[in-house]
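>>> Below are the sequence and a predicted model for it; my questions follow.
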Amino acid sequence: MIQEYYKLAKNLRIEKGFSQEEVAEKIGVSRSSFIAFEQGKTEFDFSQVAKLADILGITLEELRSGNKPDYDKYKQMILAFLRLGGKIPKTKLAKLLYFADFSWFYYHLKSMSGMQYRKMVYGPVSESYFTIIDDMNERGEIEIDQTKDGAMLISATRSGAKVGLSTLNKEEEKLITDIENKWKDKKTAEIVDFTHKQFPYLYSKDNEVVSYALFTQENPDEIF
């Protein structure tokens with residue numbers, strides 16, 4: 001995982017068109033030190049890594065995880081669940097996405113979307129979930145309806161139904177379908193209670209990034 005950390009930093013630097021000298025100067029190290037960092041031969045302190053994450057345009061947790069979030073794929077995961085489940089409560093949808101990312105990691109040691117999740121009251125939630133939901137709503141890809149009891153129901157619009165799911169492969173689509181089939185008739189409280197009993201939630205502090213690695217210790221029959 002730590003090798004992916006250096007690899008991600010280098011790939012993002014190149015992607016953004018920064019030279020090694022430019023980035024080194026911005027975080028206050030020599031070019032030779034930065035080259036050694038990208039080669040995995042040396043480590044930076046917390047403040048230097050925080051500066052590097054800011055320069056590269058991702059969060060500190062995302063950089064240290066070695067995973068670059070794929071926002072387009074995450075949106076397609078949302079639409080895939082909505083096409084299968086129709087109207088899904090906002091909190092329940094967040095949990096289904098958590099299952100997709102963490103279950104994919106369980107089998108492949110890589111998150112489906114690359115998103116980081118934090119321990120919230122209703123279980124692990126992607127850091128970008130609410131922002132992305134609002135963005136998709138503004139774009140007209142989804143709509144949000146509020147029930148009389150205050151629940152927020154999310155569904156795909158006609159426009160959203162036409163969006164291609166090109167970033168999802170057959171195996172990923174099958175996992176999403178299996179997760180939806182398992183929980184389609186269950187209430188939000190049931191899925192929340194289920195996530196509260198899993199290792200990533202149990203061994204994290206409130207609002208702390210939850211561990212993908214801990215999820216690999218789950219019983220195979222209880223990953224979702």
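Structure received.
>>> low pLDDT regions in this structure?
By pLDDT under 70, the low-scoring segments of the chain are 1-4, 65, 67.
>>> which residues in it form helices?
Taking DSSP state H as the criterion, the chain contains helices spanning 2-15, 20-27, 31-38, 46-56, 60-65, 71-85, 90-108, 129-138, 158-161, 170-183, 188-196, 199-202, 212-215.
>>> in stretch 172-180, what counts as buried?
172, 175-176, 179-180 (16 or more other CB atoms under 10 Å). Any C-beta I mention is one placed from the backbone N, CA and C, and that applies to glycine too.
>>> now these in JSON lines, with distance to L214?
Putting the buried residues of stretch 172-180 into JSON lines (distance: CB to CB, whole Å) gives the following:
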{"residue": "E172", "distance to L214": "22"}
{"residue": "L175", "distance to L214": "19"}
{"residue": "I176", "distance to L214": "22"}
{"residue": "I179", "distance to L214": "19"}
{"residue": "E180", "distance to L214": "24"}
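>>> thinking again about what came up before, closest to K119 out of the helices of the chain?
helix 199-202 (5.9 Å; CB to CB).
>>> List the buried residues in the closest one.
200-201.
>>> Please apply the same query to stretch 190-204.
191-192, 194-195, 198, 200-201, 204.
>>> and if you look at stretch 154-171?
Residues 154-157, 160, 163, 165, 168 are the ones in stretch 154-171 that count as buried (16+ other CB under 10 Å).
>>> Keep only those of those that are in strands.
Among those, the ones falling in strands (DSSP state E) are 154-156.
>>> Reformat these as JSON lines; add distance to K186.
Output for those, formatted as JSON lines (distance: CB to CB, whole Å):
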{"residue": "I154", "distance to K186": "16"}
{"residue": "S155", "distance to K186": "18"}
{"residue": "A156", "distance to K186": "20"}
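>>> Geometric centre of this protein: which residue is closest?
Taking CA atoms, centre = their mean, the centroid of the chain lies closest to M115, which sits 1.7 Å from it.
>>> Skipping its backbone neighbours, what lies nearest it in space?
In space, not counting the residues next to it along the chain, M115 is nearest to S126; the distance is 4.3 Å by CB to CB, 6 or more residues apart in numbering.
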